[in-house]
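Colleague: Next one to model:
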Amino acid sequence: MKKIFAVILFLSIACYIFCSVPQAQKNIFYPFRYRDKVEQYSAQYRVDKYLAVSVMKVESNFTEGAISKSGAVGLMQIMPETALWIAYKLDEEPPSINQLHDCDTNIKYGIWYLAELENEFFGNDVLALAAYNAGRGNVRHWMEERGWQKNFSEIDSIPFLETRNYVRKVLDCRAKYAKLYGNFQPETNLLAGK
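Modeller: Here you go, the predicted structure:
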């Protein structure tokens, strides 16, 4: 009985120390992989870097070769059709699927697309993330049908469970990244009303 108690006590203390030490959280739970590229393209396209890395973590958990059931590709899970449109908007040659798996191309396109959605949806992170997951057409439809305004923040009102969960995960993840890696003020990221 004493051995069991000692093991439980040891594991409890180890878990407490591990979970309360920021460096352990950074290394294990919230690594900032591809940081140079995320920071480069976040600065270039004016997207919060913590939001961008959180999208990447939630989308692929930093797996370059990730392919979703719907056919989304790479770290930022870009649909091939969306990549063609992004290439057109950036006046670039359309990428092949292999090029879309390339971390530089995928991060660049994913962050550009996130910036595009942030601009389209008034700097509203909830709406932009919902559009990243469910498509901009769905979000436009919901806004019109349900009377959502540009300051919409009611995640529970999003009709798709997957999208509700996605938006929550990304925003929770961003809060963790901001806490671990820097000073983030959510109010400063909202462009609504400007």
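
Colleague: and stretch 131-146, average pLDDT?
Modeller: Here stretch 131-146 scores 97 as its mean pLDDT.

Colleague: mind listing what's buried in it?
Modeller: 131-134, 136, 138-139, 142-143 (16 or more other Cβ atoms under 10 Å). From N, CA and C alone the C-beta is placed, and that goes for glycine too.

Colleague: Narrow these to those in helices?
Modeller: Judged by DSSP state H, helices contain the following of the buried residues of stretch 131-146: 131-134, 136, 138-139, 142-143.

Colleague: Using JSON lines, lay out these together with distance to N119.
Modeller: As requested, those are exported to JSON lines (distance: Cβ to Cβ, whole Å):
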{"residue": "A131", "distance to N119": "11"}
{"residue": "Y132", "distance to N119": "13"}
{"residue": "N133", "distance to N119": "17"}
{"residue": "A134", "distance to N119": "18"}
{"residue": "R136", "distance to N119": "11"}
{"residue": "N138", "distance to N119": "18"}
{"residue": "V139", "distance to N119": "13"}
{"residue": "W142", "distance to N119": "18"}
{"residue": "M143", "distance to N119": "15"}
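
Colleague: just the residues you listed now: which is nearest R46?
Modeller: Of all those, Y132 has the smallest distance to R46: 16.1 Å, by Cβ to Cβ.

Colleague: Quick check: closest non-adjacent residue to the closest one.
Modeller: L117 (5.8 Å; Cβ to Cβ, 6 or more residues apart in numbering).

Colleague: out of the buried residues of stretch 131-146, who's nearest P95?
Modeller: Y132 (18.7 Å).

Colleague: who touches that closest one in this structure?
Modeller: Contact partners of Y132, counting by Cβ atoms under 8 Å, 6 or more residues apart in numbering, are 55, 113-114, 117.

Colleague: before we move on, what about M143?
Modeller: Counted by Cβ under 8 Å, 6+ apart, M143 has contacts 127, 149, 152.

Colleague: For whatever helix or strand the first one lives in, what is the distance to the chain centroid?
Modeller: In this case it means L127. Using DSSP states H and E, L127 sits in helix 125-134. Centroid separation between helix 125-134 and its chain, computed with Cα atoms, centre = their mean, to the nearest Å, is 10 Å.

Colleague: Stretch 98-111: which residues count as buried?
Modeller: Within stretch 98-111, the residues scored as buried using 16+ other Cβ under 10 Å are 99-101, 103, 105-111.
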